[in-house]
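Engineer: here are the coordinates; sequence isn't available:
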C-alpha cells in the first residue's frame, strides 16, 4: 500500500463547477497535510495546509481533513480553466513530507 | 521576498559523469529539502538539511549526496550518473525543520543523462 494515494485522473469538470480532489494516507500518526498545485513544466506551489480535523477555507479552496478515516480532500469552487493542473497531496511522515503522485484536473469552458 | 532559486535550470550529462546542483533558499529559511520528480515515481524525497546538518534521508543510493553551507545554500551531488537519474530535481525551503513543514519549491533543475 502506498503511503499517500491519489486518483491520477484526469478529473474533468466544467467551468464554474466544484472540483473535488481526494487523498488517503496510511500513517495514522501524521499531523500535517498539504495541497500543492503543479502546472505542466513548473514546480509545485503550496496552496493549502491543514492540521486539524474539519474544514479550512481560503478563497475558492477548501481543504477537508478526517484523521479517523485517514482522508484529506481539496474542493475548488467556481473552477476556472486556469485551475487546470496536477494537484499533489503531501503528508508528513516521521519528519519528512511524502507526496502522492497527483491528480490531474482539467477544467473545460 | 525572493523565492527559492536553483541553478542550473537545465543540464545534459553522460552516463558515468557526476553533477552538482545548487539551491538558494528563501531568505531566512534554514531548512532545505531535495526531491527527485519523475513521471513514473512522482516526487520522491532525497534528503533534508538544516543548519548544515543532514536531518533526514530518503531511500536513494549513496551516489546521491548533499551539503549545506552556513548561509543555508545547499548543493546536491550525484556521482556515476545512470540513465535512470534523468529527472527534475527540486529543492524546497522551509523556515524551520520538523513538523509542520510548509515547503516552498524552487523552479527545479532538469537533468538529462544520455
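Structural biologist: Structure received. Keep in mind that what you see is a predicted model, and the values were worked out from it rather than measured. Numbers count the residues shown, from 1 in each chain, chains lettered A, B, ... in the order given.

Engineer: use CA for all of it now, contacts and neighbours both
Structural biologist: OK.

Engineer: show me the contacts for residue B:36.
Structural biologist: By CA atoms under 8 Å, 6 or more residues apart in numbering or on different chains, the contact set of residue B:36 is B:42, B:43, B:44, B:45, B:46, B:87, B:88, B:89, B:90.

Engineer: please redo it, this time with the cut-off set to 6 Å
Structural biologist: For residue B:36, the contacting residues are B:43, B:44, B:88, B:89, by CA atoms under 6 Å, 6 or more residues apart in numbering or on different chains.

Engineer: quick check: buried residues in the host helix or strand of the first one?
Structural biologist: The secondary structure element spanning residue B:43 is strand B:42-50 (assigned by DSSP states H and E). Along strand B:42-50, the positions that meet the burial threshold by neighbour count (16 or more other CA atoms under 10 Å in any protein chain shown) are B:42, B:43, B:44, B:45, B:46, B:47, B:48, B:49, B:50.

Engineer: so how far is it off the chain centroid?
Structural biologist: 7 Å (CA atoms, centre = their mean, to the nearest Å).

Engineer: sheet partners, orientation included, of it?
Structural biologist: strand B:31-38 (antiparallel), strand B:53-57 (antiparallel) (DSSP bridges).

Engineer: about what we covered before: would JSON lines of the contacts of residue B:36 with pLDDT be doable?
Structural biologist: As requested, these are exported to JSON lines (pLDDT from 0 to 100):
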{"residue": "B:43", "pLDDT": "93"}
{"residue": "B:44", "pLDDT": "93"}
{"residue": "B:88", "pLDDT": "97"}
{"residue": "B:89", "pLDDT": "98"}
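
Engineer: identify the farthest-apart pair in these.
Structural biologist: Farthest-apart pair in these is B:44 and B:88; separation 10.6 Å (CA to CA).

Engineer: by mean pLDDT, which helix or strand of chain A comes out lowest?
Structural biologist: The helix or strand of chain A with the lowest confidence, counting by mean pLDDT, DSSP states H and E, is strand A:96-99 at a mean of 88.

Engineer: what residues does that strand touch?
Structural biologist: A:89, A:90, A:91.
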